[in-house]
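Visitor: what follows is a predicted structure for the sequence shown.
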Amino acid sequence: MLINSNIYYMTLKQYQWVKLAVVVSVAVVFSQAVISKSFLIPIATLVIATLFLLYLRRKVTEIVADERDYATGGKAALLAMQIYAWGATLGMFTLYHFRDYNPGFEPVAMTLAYSTCVLMFLYALIFRYYNRVSLSDKKTKYIIFVFIFGILGAMFTLRLFSGEDDWACKNGEWVKHGQPSFSAPSIPCKK
């Protein structure tokens with residue numbers, strides 16, 4: 001690292017090594033947190049690692065990516081999103097069709113359907129943002145709109161998946177909570 005009046009600079013190679021070390025560290029923390037059933041630690045670790053890498057990327061003195069890299073990345077992202085959307089849609093219809101054989105297929109099918117819709121909607125918003133919004137005043141309004149829409153979407157999702165109509169395990173038996181649209185789980189209740 002080069003030091004110039006208390007400012008640290010990195011070469012691209014140094015940044016790539018640090019990025020690799022951060023990714024390995026985050027993977028270790030994630031695996032240990034999943035084993036110990038702690039889910040807040042990986043989220044905090046991911047946020048801190050992302051901010052750290054963004055900070056370090058600003059300190060790289062060489063060119064990290066050029067216009068061709070961004071164009072190729074955009075094409076790859078669009079193709080990956082389209083492949084995911086088609087695969088998730090086909091998987092959703094297949095799982096929904098077989099929901100009578102296993103009631104657990106229905107929530108998975110609905111999750112695939114909603115995630116695909118959210119992905120497509122986010123793509124449309126972000127594409128519109130980068131394609132049309134150029135003035136800072138419009139950017140502020142757009143960011144506020146996306147933030148409000150995100151809060152409304154989160155509230156809708158929490159209500160939809162809140163478990164109002166589900167089966168609860170009480171005293172070793174499955175008890176209805178609300179009006180579930182599927183039969184009690186076939187696995188034993190052990191509480």
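Guide: That came through fine.

Visitor: quick one: Gln82 from Ala76, how far?
Guide: Per C-beta to C-beta, to the nearest Å, Gln82 is found 11 Å from Ala76. All C-beta spots, glycine's among them, are computed from the backbone N, C-alpha and C.

Visitor: ignore what I typed, I meant Glu173.
Guide: Where Ala76 is concerned, Glu173 sits at a distance of 51 Å (C-beta to C-beta).

Visitor: with Phe149 instead?
Guide: Per C-beta to C-beta, Phe149 is found 27 Å from Ala76.

Visitor: do Val118 as well
Guide: Separation of Val118 from Ala76 (C-beta to C-beta) stands at 20 Å.

Visitor: more crowded one of the two?
Guide: Neighbour count, other C-beta atoms under 10 Å: between Val118 and Ala76, Val118 has more, with 13 against 10.

Visitor: look up the closest residue to Phe52, ignoring the ones flanking it.
Guide: With C-beta to C-beta, 6 or more residues apart in numbering as the criterion, Phe52 has its nearest non-adjacent residue at 6.7 Å, and that residue is Val22.

Visitor: for the record, mean pLDDT for the strand or helix carrying that neighbour?
Guide: Assigned by DSSP states H and E, Val22 falls within helix 12-35. The average pLDDT for helix 12-35 rounds to 88.

Visitor: now it: buried residues?
Guide: With burial defined by 16 or more other C-beta atoms under 10 Å, the residues of helix 12-35 counted as buried are Gln14, Tyr15, Val18, Val22, Val26, Val29, Phe30, Ala33.

Visitor: mind giving me the packing neighbours of the lengthiest helix in the chain?
Guide: Once the chain is assigned using DSSP state H, the helix that runs over the most residues is helix 67-97. Judged by 3 or more C-beta pairs under 8 Å, 6 or more residues apart in numbering; DSSP states H and E, the packing partners of helix 67-97 are helix 105-132.

Visitor: the helix it packs on vs helix 67-97, what angle?
Guide: Orientation check (axes from the mean of the first three to the mean of the last three C-alpha atoms, to 10 degrees): helix 105-132 against helix 67-97 gives 150 degrees.

Visitor: show me what helix 105-132 is packed up against.
Guide: If you count contacts as 3+ C-beta pairs under 8 Å, 6+ apart, helix 105-132 packs onto helix 67-97, helix 136-160.

Visitor: could you pull out the buried residues of it?
Guide: Within helix 105-132, the residues scored as buried using 16+ other C-beta under 10 Å are Phe105, Glu106, Ala109, Met110, Leu112, Ala113, Tyr114, Thr116, Tyr129.

Visitor: tell me where the model's unsure across this protein.
Guide: The chain contains residues with pLDDT under 70 at 1-8, 64, 133-140, 157-165, 191.

Visitor: could you break it into its assigned domains?
Guide: Described in terms of automatic domain parsing, the domain architecture of the chain consists of the residue ranges 2-58, 67-160, 161-191.

Visitor: all set, thanks.
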